[in-house]
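# sequence first, then the predicted structure, then my questions.
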Amino acid sequence: MQRTADNWRMRAAIVALLGAIGCQSGNTTGGAPAGSAAPAASAAPAAVSAAPAAGSAAAAGSAMPASELSLTSESVLKVMNPKRREPYSGPTGTLRGRVTIKGDPPPDTGLSFPVGKCGEAAATYGRLFRVGQQNALADALVTVVNYSGYVPEREEAEKVTIHGCAFSSRTVAMTFGQRLEVANLDPLEAYMPNLEGAPFMAVLVAMPQGEAVKFHPPQPGYYQLVDKMPKPFLTSEVFVLKFATHDVTGLDGQFEIKNIPVGKVLTAALLPAIDQDVKKEIEIKEGDNKLDFELTFDLAKYTEKKGGSTSSP
């Protein structure tokens, strides 16, 4: 599952675009939030042209030493809250919903998996993307941006587990300043997780049912979580975002995003495996809000876009 330079640039461009239209930087005067679906779409070519070379993290700004990084460190706040606003304290809403996909079924990736000890790997990585019951789409990144005010991240870490030679999700969404914790749930098998796109420091081993391995992404952008044992199929796309309002769907296709300031916002559901997203502009009201997304997969168009290959991007 070797990533090409084009794929790294595409993922980097996605993160750059999300950062450009998000950043929790809507106005605070009570008017319409900054940005809209139209400007976001028009910004895409610029984001693509600005994407970094393969293997680097997408970004905004230069990388920072991991020792400086936390949700409250000055280097992180300069990126996350450059105007030094107080955390938003007005009325908020929670957005819940489901992401589904229609069209052609996901093709086989053609990958092979060890027999016996890797029971979950085939189910996780055997197809181009994962579909649950009633067309539920797993591993979709759902974001909410363009609201007014600064909404800080509340969790210090984003947690991922490994079991049966598979990560708990093929997509990971983090807020810049969080650490990534990777825990091995297997009773016997050891792993060597690595965050590609971040500066290489040392080989870290996730021991069976041991302490989690910790990573500190040095800047917002796109990374890839891999295993160095090696198990080339064992990967997860990692998006480090400049806003805290995001979630990733499980096999039930469900997502939940809390603490969204009320008002008009731009929402999006992205499936990295096929580089496809859908955007919707909605009004967030205080309390519960519901919104569903539906993507469409056309195998012929996807194959043509990828140059005739149906293997994982």
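Sure, I can see it. Numbering: from 1, shown residues only.
# look up the closest residue to A136, ignoring the ones flanking it.
Nearest non-adjacent residue to A136, counting by C-beta to C-beta, 6 or more residues apart in numbering: G253, 3.1 Å away. All C-beta spots, glycine's among them, are computed from the backbone N, C-alpha and C.
# pLDDT score for the one you found?
Model confidence at G253, given as pLDDT, is 98.
# so what's the closest residue to R170 other than its chain neighbours up against?
Leaving aside its sequence neighbours, R170 sits nearest to D139 (C-beta to C-beta, 6+ apart; 4.2 Å). By C-beta atoms under 8 Å, 6 or more residues apart in numbering, the contact set of D139 is F129, R130, S169, R170, T171, V248, T249, L271, P272, A273.
# chain neighbours aside, what residue packs nearest to the second one?
In other words, R130. The shortest distance from R130 to any residue other than its chain neighbours is 3.9 Å, reached at A138 (C-beta to C-beta, 6+ apart).
# and that neighbour, how many neighbours does it have?
Neighbours of A138 under the rule other C-beta atoms under 10 Å: 23.
# try A202
Neighbour count for A202, taken as other C-beta under 10 Å: 5.
# surely L77 is in a helix?
Yes: using DSSP: H, G, I helix; E, B strand; the rest coil, the secondary structure at L77 is a helix.
# what's near enough to touch it?
By C-beta under 8 Å, 6+ apart, L77 lies in contact with R84.
# now do the longest strand seen in the chain, average pLDDT.
Secondary structure of the chain read by DSSP state E shows that its longest strand is strand 92-103. For strand 92-103, mean pLDDT rounds to 98.
# list the contacts of it.
For strand 92-103, contacts defined as C-beta under 8 Å, 6+ apart pick out 129, 131, 134-137, 140, 142, 144, 249, 252-262, 267, 269, 271, 284-299.
# and that strand, C-alpha only, in CSV?
Extracted C-alpha coordinates of strand 92-103, given in CSV (Å, rounded to 0.1, in the frame of the first residue of the first chain):
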residue,chain,number,x,y,z
THR,A,92,-24.2,25.4,21.7
GLY,A,93,-25.7,22.5,19.8
THR,A,94,-24.7,18.9,19.2
LEU,A,95,-24.8,17.5,15.7
ARG,A,96,-25.6,13.8,15.3
GLY,A,97,-26.2,11.8,12.1
ARG,A,98,-25.2,8.9,9.9
VAL,A,99,-23.0,8.7,6.8
THR,A,100,-24.0,6.2,4.1
ILE,A,101,-22.8,5.3,0.7
LYS,A,102,-24.6,4.1,-2.4
GLY,A,103,-23.5,2.8,-5.8
